[in-house]
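1. What follows is a predicted structure for the sequence shown.
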Amino acid sequence: MPFKFFLLLLFFLLSACGDTPPNDPYPLAETGENILYTAFTERPRHLDPAQSYTEDEYTFITQIYEPPLQYHYLKRPYILVPATVEKVPEPEFFDARGRRLRADAKPEDVAKSVYELRVKPGRRYQPHPAFALDEAGEPLYLGLSREDLADKFGIPDFPISDLRENSKELTAADYIYQIKRLAHPRLHSPIFGMMAEKIVGLKELGEQLSAANLERPGEWLNLDEFTLSGVEEVDRYTFRVHLIGRYPQFVYWLSMPFFSPLPREVDRFFGQPGMAEKNLTLDWWPVGSGPYMLTENDPNRRMVLERNPNFQGETYPCEGEAEDQQNGMLADCGLPLPFIERAIFTREKESIPYWSKFLQGYYDASGIASDNFDQAVKIQISGESNLSEDMQEKGIRLLTAVRPSVFYLGFNMLDSVVGGSGEEAAKLRRAISIAMDQEEFISIFMNGRGLPAMHPLPPGIFGFEEGKAGINTYVYDWDEQYGRARRKSEAEARRLLAEAGWPNGRHHQTGEPLVLYLDTTSGGMGEKNRLDWLIRQFGKIGAQLVVRATDFNRLQDKLKKGTTQLYFLGWNADYPDPENFFFLLTSQEGKARYGGVNHSNYANPEFDQLFERMKIMDNTPERLALIRQMNQILQHDAPWIFAFYPKTYLLTHAWLHNRKPSDIANNSLKYQRLNIERREAARQAWNTPDYRPLILIVLLLACLVWPAIRLYRKRERKTEHGAQG
């Protein structure tokens, strides 16, 4: 009997060796399906295009919504191309008397700019109950009571039949309605204040809507009843936007979700009483015309995007950078998008399970956490990054790109020690800039994933210059022998510190030590090893750094009041234009005085004047000359310690095609393609358990136990015979 038991155990062990690996985290029904598997770490707060403004949210909504323009997926530097409109609009200029001006008119002569956009006919929204009509042609799901919503917990709970009929064609009116939503007082759109200064009549619309909101609190406001003078509907597919003055960066905003179409029917559907109480809102269930639609929203566990059956008319690009051809990025030229049917995003709060599932083939792509960097990447003596042998054996690919971002340690220019516009204060800031060895920081704490910053403009932004022409000459010297920038010596930093009135880190008159204070959060520089490193950098020139740990809200409050001394922040580009970086240091953006984004409260009239000229210019040699002057001013005044431009390191499996890093063009899912057969084969090979050790253990146990069982049975038989006798 026991021997039969061991045979039965062996049978079950062997039968477990099926086609699906036993550690497969996905349902059996998904095997072989055209599904992208990926992960997210932070839950999105907003999915409403009027409110969303973070990278975590854009991961989802840029696959769902379609603004008028988009960035070319492959070309660098980034260029705008049409998305839902027929062409990238060229503005027409008018003077104060309404007379049309030439395209090369002087910026000061332009009183108004007009952008005309024509929507491509035939583009449709995703199927949605907001568009469903009954037999009489009336909205099927309008006028719902709370009782009607009792069994409704998500959009899939509203049954609709014909997918195309329960949809709607994009029209110019939908774009106009969304622009009006930017002024809605209940939405608190993060760009309303800025756009109110640009779009004619938007500020006045905001005042009208605020008054209506006070009169009708909680009621749905039909924005079609309110006039926006600066946006006009020409015909069903054409609309015009009137801007105050000249603002060439407006076309970049037309590529962002803020300007995606949103029809009144959707706003009315979600505006019904009882909807918000059950998270039946646009902020939870977005409605767009893009290639994907959100069909499952559980931000604490997983989110699912499925192909929009009504999306059509867009194909994979046929042009790109020189290396795109050899990397196979043009193999799908002209094929209809999207390629992937479904994308499942699983929330992973810890990096270890995320990394493990990627190595097992259960996630199709992954970033690289610092703890896993040495396992994945080897840095050569030349500084180049190569995949480790283990990664290469799995066919994993490494994709890298410098992000359009800058990180910096800021000085509060209102502070009595590190602030001020005098030369002594500037020398103090430059001395600290030299002492902070950014190359060492990037090597130790970022695994080499960054470039030392010379000024606010990262690579890929007009005005960034490589080599000798682009270095910060107040912090670096150019090494002609090796053709690279070399950080100035500690002796030079100490000399500047002495000239600033702090020889050897003590005040030249009072003898008091130079004690500086850094306010930081755990998400900033707030890790012990980094802070210890930072303290040592200041100590090299005799300065003492005191770290004041705080939470995010407290730090924001101190920045707002101008009571910080040092702080650490970064900025990711909204759009690839130098204006989007330089404005962070203009006086009108001063945080303490105006509540803007200039957290250093830096103010230099010459810089401001150059900025006003530069921001309304096209990318010409004249503009580049102004940018060089602006960078030199900032490098001299040093309101920031320019820290680094981060690099993106992305790993993808061999079966995921057409993946290209991009921090500006976020709507990348539609371009990617999967080789399902190759993925299934790899998963099976990498996850099939080796049962041989277990079988040997079972057999060994059988060999050990069987003699004891035989002896026991022999004794039992003797006992039985004795009893019978």
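-> Noted; the coordinates are in hand.
2. Let me see the mean pLDDT of stretch 289-309.
-> Taken as a whole, stretch 289-309 carries a mean pLDDT of 97.
3. and what of stretch 407-414?
-> Computed over stretch 407-414, the average pLDDT equals 97.
4. which residues make contact with it from outside it?
-> Contacting residues not belonging to stretch 407-414 are listed as 418-421, 429, 436, 453, 456, 518, 562-571, 592, 599-603, 638-646 [CB atoms under 8 Å, 6 or more residues apart in numbering]. For the C-beta atoms, the positions are set from N, CA and C on the backbone; glycine is no exception.
5. Buried subset of these, written for ChimeraX?
-> Here is the ChimeraX command that selects only those of the contacts of stretch 407-414 that count as buried (16 or more other CB atoms under 10 Å):
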select :418,419,420,429,436,453,456,518,562,564,565,566,567,568,569,571,592,599,600,601,602,603,638,639,640,641,642,643,644,645,646
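6. would you list every one of the strands in the stretch 301-450 of the chain?
-> 302-307, 342-347, 365-366, 377-379, 385-387, 397-402, 405-411, 450-452 (DSSP state E, counting those that start in this stretch).
7. After the last one, heading C-terminal, what element do we hit next?
-> I take that to be strand 450-452. strand 476-479 (DSSP states H and E).
8. helix/strand/coil for residue 650?
-> strand (DSSP: H, G, I helix; E, B strand; the rest coil).
9. so how many other residues sit close to it?
-> 16 (other CB atoms under 10 Å).
10. circling back to that earlier point, for the strands of the stretch 301-450 of the chain, which one ends up most surrounded?
-> For the strands of the stretch 301-450 of the chain, the stretch with the most neighbours on average is strand 405-411, a mean of 24; neighbours defined as mean count of other CB atoms under 10 Å.
11. Return it as CSV; C-alpha atoms alone will do.
-> Coordinates of each C-alpha in strand 405-411 appear next as CSV, following Å, rounded to 0.1, in the frame of the first residue of the first chain:
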residue,chain,number,x,y,z
SER,A,405,14.5,67.0,-17.7
VAL,A,406,16.8,68.9,-15.4
PHE,A,407,17.5,68.4,-11.6
TYR,A,408,19.0,71.1,-9.5
LEU,A,409,19.8,72.3,-6.0
GLY,A,410,18.2,75.7,-5.6
PHE,A,411,19.3,78.7,-3.6
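12. Downstream of the helix or strand where residue 554 lies, the next helix or strand is which one?
-> In this assignment (DSSP H and E), residue 554 forms part of helix 552-561. Remark: after helix 552-561, the chain's next helix or strand is strand 566-572, criterion DSSP H and E.
13. Over that following strand, what's the mean pLDDT, rounded is fine.
-> 95.
14. That strand vs helix 552-561, what angle?
-> 100 degrees (axes from the mean of the first three to the mean of the last three CA atoms, to 10 degrees).
15. and strand 566-572, how far from the chain's centre?
-> 16 Å (CA atoms, centre = their mean, to the nearest Å).
16. Please list the residues outside stretch 463-470 that contact it.
-> 454-455, 457-459, 478, 483, 485, 578, 623-624, 627-628, 631.
17. where are the low-confidence patches of the stretch 1-150 of the chain?
-> 1-19 (pLDDT under 70).
18. My error: substitute the stretch 451-600 of the chain in the last question.
-> In the stretch 451-600 of the chain, residues with pLDDT under 70: 523-526.
19. at 90 what do you get?
-> 521-529, 550-553 (pLDDT under 90).
20. what about burial for the contacts of stretch 463-470, which qualify?
-> Applying 16+ other CB under 10 Å to these flags 454-455, 457-459, 485, 578, 623-624, 627-628, 631 as buried.
21. related to what we said a few turns ago, output the strands of the stretch 301-450 of the chain in TSV; the columns should cover distance to residue 531.
-> Below are the strands of the stretch 301-450 of the chain laid out as TSV (distance: least, CB to CB, whole Å):
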stretch	distance to residue 531
strand 302-307	35
strand 342-347	29
strand 365-366	28
strand 377-379	25
strand 385-387	27
strand 397-402	26
strand 405-411	12
strand 450-452	18
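22. What segments of the stretch 151-300 of the chain are helices?
-> 172-181, 192-196, 202-215, 250-253, 264-270 (DSSP state H, counting those that start in this stretch).
23. so of these, which one's packed in deepest?
-> For these, the highest mean count by mean count of other CB under 10 Å goes to helix 172-181, at a mean of 22.
24. starting at the chain centroid, how far to that helix?
-> That offset, for helix 172-181, works out to 25 Å (CA atoms, centre = their mean).
25. Can you name the residues that contact residue 54?
-> 44-46.
26. Out of those residues, which is nearest to residue 509?
-> residue 45 (51.4 Å; CB to CB).
27. and the nearest residue to that closest one once chain neighbours are set aside, what element?
-> Distances taken as CB to CB, 6 or more residues apart in numbering put residue 57 closest to residue 45, at 6.8 Å, once the chain neighbours are dropped. Secondary structure from DSSP H and E places residue 57 in helix 55-64.
28. Run through who's touching the helix or strand following that helix.
-> For helix 55-64, the succeeding helix or strand toward the C-terminus, using DSSP H and E, is strand 69-71. Residues from elsewhere that reach strand 69-71 (CB under 8 Å, 6+ apart): 78-83, 85, 88, 251, 254-255, 662, 664-665, 667.
29. and of those, the nearest to residue 267?
-> Distances from residue 267 to the contacts of strand 69-71, taken by CB to CB, are shortest for residue 254, at 20.8 Å.
30. so who does that closest one touch?
-> Taking CB under 8 Å, 6+ apart as the test, what residue 254 contacts is 67-69, 80, 89, 115, 117.
31. can you rerun that using 6 Å?
-> Residues near residue 254 by CB atoms under 6 Å, 6 or more residues apart in numbering: 67-69.
32. And residue 246, by the same measure?
-> Applying CB under 6 Å, 6+ apart, the residues near residue 246 are 107, 110, 113, 616.
33. Then residue 201?
-> Going by CB under 6 Å, 6+ apart, residue 201 touches 228-230.
34. Would you mind pointing out the helix or strand residue 26 falls in?
-> Using DSSP H and E, residue 26 maps to neither a helix nor a strand.
35. Measure how buried it is and give me the count.
-> Count around residue 26 with other CB under 10 Å applied: 15.
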